[in-house]
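Visitor: Could you work out the structure for the sequence below:
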Amino acid sequence: GRYDHAITDYTAALELDPTDAWALASRGQAHRQAGRYDQAITDLTAALELDPTSAWALTERGQSHRQAGHYEKAREDLERAIEADPEDLSSMFEKLMLDTVEEGLEACAEQWRRLLASPMNPPDDAATRLFRFFRALLLEPESGVTEATEEFLFANPDRESITEVLAYLAELTAVGDGVADRARQYRQLITERASE
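Guide: Have a look, this model is predicted:
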């Protein structure tokens, strides 16, 4: 797959310097994106042994744990990531995904409203589009699935971004609350449009 090239590159870098925390965390991220959660957690744990306060590595490992269904470990990592960098919207997003998967959307709707209205600092077009997409999915059921999906895809997100969004949608199909049906519709539409 497309993540194997990245994994090969990071492995080569680690052969030169086995204590490169960034390369370990990056290889862990590539494993997570490829759906290899155990390998991701192993690499991210090694990266965190070298740099215990890395909010990014904590967020990645928390996301890996959540996607693997280890919710308690995910919560520990994501809370530590937010503690390490309280301004980081990505760790807050991942923690809110965990809360939503565990407790349902109703319990988290107000937190989503606040997070998805947060200003991006520095401004980030891709993240802004992603937030708009999730606002339509989670908070504005009356807005059209097709419009939100087309707006997201109109910006030509790279395959990595599409893969990430499909993974989030797969998690949300298990939630219920009416979110599951919308997540399935969005997922099907993105899969169809992205393959055109």
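Visitor: what's the spacing between the helix-or-strand element of the chain with minimal mean pLDDT and its chain's center?
Guide: Ranking every helix and strand in the chain by mean pLDDT, DSSP states H and E puts helix 145-154 at the bottom, with a mean of 82. Chain-centre distance of helix 145-154: 19 Å, with C-alpha atoms, centre = their mean, to the nearest Å.
Visitor: Which other helices and strands does that helix contact?
Guide: helix 125-138, helix 179-194 (3 or more C-beta pairs under 8 Å, 6 or more residues apart in numbering; DSSP states H and E). Where you see a C-beta, it was placed from the backbone N, CA and C, and this is true even at glycine.
Visitor: contact partners of it?
Guide: Here helix 145-154 makes contact (C-beta atoms under 8 Å, 6 or more residues apart in numbering) with 129-130, 132-133, 136-137, 162, 165, 182, 185-186, 189-190, 193-194.
Visitor: Pipe the helices and strands packed on helix 145-154 into a markdown table and attach mean neighbour count, distance to Ala57 and mean pLDDT per row.
Guide: Below are the helices and strands packed on helix 145-154 laid out as a markdown table (neighbours: other C-beta atoms under 10 Å; distance: least, C-beta to C-beta, whole Å; pLDDT from 0 to 100):
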| stretch | mean neighbour count | distance to Ala57 | mean pLDDT |
| --- | --- | --- | --- |
| helix 125-138 | 18 | 19 | 85 |
| helix 179-194 | 17 | 28 | 89 |
